[in-house]
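Colleague: Any chance you can model this:
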Amino acid sequence: MQNRIERLRRLRRSRGMTLIEIMVVLVILGLIAGAIGYNVFGQLQQAQIKTAKLDLQAISNGVDLYHVETGNWPDNLQQLVPKFVREIHKDPWGTDYAFVRAGEGYDVYSYGPDKAQGGADDITIHGGEASGSATAQQK
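Modeller: Purely as a prediction, here's the structure:
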């Protein structure tokens with residue numbers, strides 16, 4: 001009888017995990033998910049910046065081709081479509097790319113992640129005869 005009671009106690013203890021054990025496992029899983037999410041989010045931001053720079057370089061090349069062919073700078077980016085640039089879409093943050101004529105050159109830029117002009121995260125390409133060649137910079 002004593003042996004049987006001892007077996008029942010062991011059986012009850014080994015049935016499952018306690019609430020504390022489950023909570024510890026959930027906390028550990030949450031920490032792992034948080035660390036992975038933080039790293040992935042950082043890589044996503046870098047990928048968005050690189051995408052914007054590549055898009056701006058393609059637009060700048062289209063502006064230069066337009067100038068070579070017509071002898072004038074375009075008034076807006078839509079004049080480049082579809083002959084010089086296949087399409088002009090929004091930047092990775094959902095804002096339109098901007099184009100400004102500046103004397104004998106031009107600027108094409110993205111407002112960056114903050115979507116506001118003049119922030120430290122603006123991405124700009126200066127091009128045309130005034131600058132010699134197109135150069136990208138992120139402020």
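Colleague: I'd say Pro113 and Asp122 touch.
Modeller: No - judged on C-beta atoms under 8 Å, Pro113 makes no contact with Asp122 at a distance of 9.8 Å. To be clear about C-beta, it is placed using only N, CA and C from the backbone, and glycine gets the same treatment.
Colleague: in a helix, that's where Gly37 is, yeah?
Modeller: Yes - assessed with DSSP: H, G, I helix; E, B strand; the rest coil, Gly37 lies in a helix.
Colleague: got a pLDDT number for it?
Modeller: Here the pLDDT value assigned to Gly37 is 88.
Colleague: cool, Gly103 as well?
Modeller: 77.
Colleague: Repeat that for Gln138.
Modeller: Predicted confidence (pLDDT) for Gln138: 54.
Colleague: swap in Ala98?
Modeller: So Ala98 comes in at 89 (pLDDT).
Colleague: how about the nearest residue to it, chain neighbours excluded?
Modeller: Among residues not flanking Ala98 along the chain, Tyr109 sits closest, at 5.3 Å (C-beta to C-beta, 6 or more residues apart in numbering).
Colleague: Give me the distance between the one you found and Ala116.
Modeller: 12 Å (C-beta to C-beta, to the nearest Å).
Colleague: Please name the nearest non-neighbouring residue to the residue nearest to the spatial centre of the chain.
Modeller: Against the mean C-alpha coordinate of the chain, by C-alpha atoms, centre = their mean, the closest residue is Gln48 at 2.2 Å. Distances taken as C-beta to C-beta, 6+ apart place Pro92 nearest to Gln48, at 3.8 Å, with adjacent residues excluded.
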